[in-house]
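Trainee: give the three-dimensional model of this entry:
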Amino acid sequence: MSRIGRMPIAIPAGVTVEIAENNKVTVKGSKGTLERVLPAEMEIKMEGGHILVSRPNDLKKMKSLHGLTRTLINNMVVGVTEGYQKKLEVNGVGYRAAKAGKKLTLNLGYSHPVEMEDPEGIETTVEGQNVIIVKGIDKEKVGQFAAEIRDKRRPEPYKGKGIKYADETIRRKVGKTGKK
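Mentor: Coordinates of the predicted model:
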């Protein structure tokens, strides 16, 4: 049995969960509403303030879908109650981030500023000139947009310049040494 898949998901107060046909799960909370169609093979049922996910048989595909389905529902519940956020840091001389309306402007040493528009349901804020915070209720979208921002200038291993996650460590390399 999947260790994660068999764990019940507690539904906090103020959250409503609806399970429609074809395993379409809708979760409503204080921060918003999320809906997702989950694998039809999994059996999702509500029992006394908890959601239980069970699988029909022990095929390898069913085992892998079991834990995934449970985690996706749990991420939706956490998203509508607390929301998700990722913190990015911009490191480098002259590298900075600025926010105007829904537009994030990054100066990353290119000949032009890089402009990015906030996608639907995602909000970015800039603290100081070099900390970007990406917030939202959908874990997948928050992570995806944070990755897209990071991809504009990945951190390089020699000086550590670029955009990195706040909790990421960059493995530094020693530069080349001159001839004696």
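
Trainee: and stretch 163-174, what's buried?
Mentor: Ile163, Lys164, Ile170 (16 or more other CB atoms under 10 Å). Any C-beta I mention is one placed from the backbone N, CA and C, and that applies to glycine too.

Trainee: which helices and strands does the longest helix belonging to the chain pack with?
Mentor: When the chain is parsed with DSSP state H, its longest helix is helix 60-81. Helix 60-81 makes packing contacts with strand 9-10, strand 24-28, strand 33-37, strand 50-54, helix 139-151 when contacts are defined by 3 or more CB pairs under 8 Å, 6 or more residues apart in numbering; DSSP states H and E.

Trainee: hang on, the earlier thing: of the buried residues of stretch 163-174, which belong to strands?
Mentor: Within these, residues falling in strands by DSSP state E are Ile163, Lys164.

Trainee: just the buried residues of stretch 163-174 now: which is nearest Glu115?
Mentor: Minimum distance to Glu115 across those is 14.6 Å, recorded for Ile163 (CB to CB).

Trainee: residues in contact with the closest residue to the closest one other than its chain neighbours?
Mentor: For Ile163, ignoring the flanking residues on the chain, the nearest one in space by CB to CB, 6 or more residues apart in numbering is Arg150 at 4.9 Å. The contact partners of Arg150, by CB atoms under 8 Å, 6 or more residues apart in numbering, come to Leu88, Ile163, Lys164, Tyr165.
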